[in-house]
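>>> Below is the structure, and that's it, no one-letter string:
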């Protein structure tokens with residue numbers, strides 16, 4: 001699914017406010033939990049800002 005910056009910003013604001021409903025444009029989405037909201041936020045970030053998502057292939061294991 002393609003997310004918009006408007007959706008991303010609305011979700012971030014809702015999480016910061018502690019609410020579980022997000023409105024953007026003419027739509028409102030209600031989430032079951034903050035955990036669900038944070039999962040969706042991470043998906044949005046991966047979709048909108050792929051350069052910010054760490055790539056596990058670039059990490060070395062240190063012991």
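Cool, the structure landed. All of these numbers come straight from a predicted model, not from anything done at the bench. Numbering: from 1, shown residues only.
>>> Count the residues that sit near residue 43.
When neighbours are defined as other Cβ atoms under 10 Å, residue 43 has 12 of them. Using the backbone N, CA and C atoms, a C-beta is placed for each residue, glycine as well.
>>> Quickly find the element holding it.
Using DSSP states H and E, residue 43 sits in helix 34-48.
>>> can you give me phi and psi for the closest residue to residue 29 other than its chain neighbours?
Leaving out its chain neighbours, the residue that sits closest to residue 29 by Cβ to Cβ, 6 or more residues apart in numbering is residue 22, at 5.0 Å. Per-residue torsions, residue 22: phi -130, psi 130 (degrees, to the nearest 10).
>>> Just the pLDDT for residue 22.
Residue 22 is assigned a pLDDT of 94 by the prediction.
>>> Now for it, how many residues are close by?
By other Cβ under 10 Å, neighbour count at residue 22 equals 21.
>>> got the contact list for it?
Residues near residue 22 by Cβ atoms under 8 Å, 6 or more residues apart in numbering: 7, 10, 11, 14, 28, 29, 30, 31, 37.
>>> what's the closest of the residues you listed to residue 45?
Closest approach between those and residue 45, by Cβ to Cβ: residue 11, at 10.1 Å.
>>> can you count the residues close to the closest one?
20.
>>> and it, that's in a strand?
No: judged by DSSP: H, G, I helix; E, B strand; the rest coil, residue 11 forms no part of a strand; its state is helix.
>>> so it sits right up against residue 42, yeah?
No: look at residue 11 against residue 42 with Cβ atoms under 8 Å: they stay out of range, at 10.6 Å.
>>> And the element among helices and strands of the chain having the smallest mean pLDDT, how far out from the chain middle?
Least confident helix or strand, the chain: strand 21-24 with a mean of 90, by mean pLDDT, DSSP states H and E. Centroid separation between strand 21-24 and its chain, computed with Cα atoms, centre = their mean, to the nearest Å, is 13 Å.
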